[in-house]
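Undergrad: What would the 3D arrangement of this be:
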Amino acid sequence: MNSKEAKLIAGCKDNDRLSQEQLYRKYADKMYNVCLIYADDEDDACDILQDGFLKVFMHIAKFKSEGSFEGWLRKIMVNTALEYFRKKKREKENYSFYQKHIEIKVENILETLHVKSLISLVNDLPSKAQLVLKLYAIEGYSHKEIAHQLDIAEGTSKSQLNRARMLLKESLNSLERH
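TA: Modelled structure (predicted):
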C-alpha cells in the first residue's frame, strides 16, 4: 500500500467525507464489476455496491493495513453480494409460500366481494403502503420508479408493497371469517 492510499484510508477512519468520496471514486468501478458477477441485473449490482461501501465505511477501522486494501474491500463486496442473494432467496420463498396458500382463498373471497368493498379495503391501508400498492399494481410502476417518485429507497417501496399485501390479506381473511 502506498502512502497516498494509506492517507486516504486514515481519512476514512476519521470519517472525513472527502476521503470517503475519493476512496469510493477510486474503487467503485472495479467493485461494481465484482458486484455484477453476483447480481441478477445492474440494479441489484448497484444496490450491492452501495450496501458494500456503507459496510466498508462503517468497519474501515477494522482494516489493519496488513494486507491488500483492495482485497479486503473485494471480500466485503462478495460477502455483501452473498448476503443480498440469501435475502432475495428468502423473499422469493416467502412470496412463493404466500402465492400457494393465499391465492385460492383470495379468489373465493373476490367472487363474493363487491368492487366498492375491495376499494374500501385498499383505501383503509396505511397511506404509504396504499400508495405503493396502487402505483405498483394499478399503474404498473417498477419499484425503482416508485422509489424515485416518492423519494424513498427501492427497498422501502418493496417492503411497503409487501406490507400492503399482508394487511390486505389479513383484511380479506377477517371478511371470510364473518
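Undergrad: What are the boundaries of the helices in the chain?
TA: Secondary structure of the chain (DSSP state H): helices at 3-13, 17-38, 42-59, 69-112, 115-123, 127-133, 143-150, 154-177.
Undergrad: want to try CSV for those, with mean pLDDT and mean neighbour count as columns?
TA: All C-beta atoms are positioned from the backbone trio N, CA, C, and that covers glycine. Formatted as CSV, these follow (pLDDT from 0 to 100; neighbours: other C-beta atoms under 10 Å):
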stretch, mean pLDDT, mean neighbour count
helix 3-13, 93, 15
helix 17-38, 94, 16
helix 42-59, 94, 17
helix 69-112, 72, 14
helix 115-123, 75, 12
helix 127-133, 86, 18
helix 143-150, 88, 16
helix 154-177, 85, 16
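Undergrad: burial of Asn15, as a residue count?
TA: Using other C-beta atoms under 10 Å as the criterion, Asn15 is surrounded by 11 other residues.
Undergrad: Could you report the distance from the residue lying closest to it once chain neighbours are set aside to Tyr27?
TA: Nearest residue to Asn15 in three dimensions, chain neighbours excluded: Phe57, at 7.9 Å (C-beta to C-beta, 6 or more residues apart in numbering). Distance from Phe57 to Tyr27, counting by C-beta to C-beta, to the nearest Å: 12 Å.
Undergrad: Ser174 now?
TA: 52 Å.
Undergrad: now do Lys116
TA: Taken as C-beta to C-beta, the span from Lys116 to Tyr27 is 56 Å.
Undergrad: One more: Glu66?
TA: 19 Å.
Undergrad: Dump stretch 35-44 to CSV, keeping only the CA atoms.
TA: Provided in CSV are the C-alpha atoms of stretch 35-44 (Å, rounded to 0.1, in the frame of the first residue of the first chain):
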residue,chain,number,x,y,z
CYS,A,35,-20.9,-7.0,-7.7
LEU,A,36,-22.2,-7.5,-11.3
ILE,A,37,-20.7,-11.1,-11.2
TYR,A,38,-23.0,-12.0,-8.3
ALA,A,39,-26.1,-9.9,-9.2
ASP,A,40,-29.1,-10.8,-11.4
ASP,A,41,-29.0,-7.4,-13.0
GLU,A,42,-27.4,-3.9,-13.0
ASP,A,43,-29.9,-2.5,-10.4
ASP,A,44,-29.0,-5.3,-8.0
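Undergrad: Quick one: residues in contact with it.
TA: Stretch 35-44 is contacted by residues 45-49, 52, 77-78, 80-82, 84-85, 88, 144, 154 when judged by C-beta atoms under 8 Å, 6 or more residues apart in numbering.
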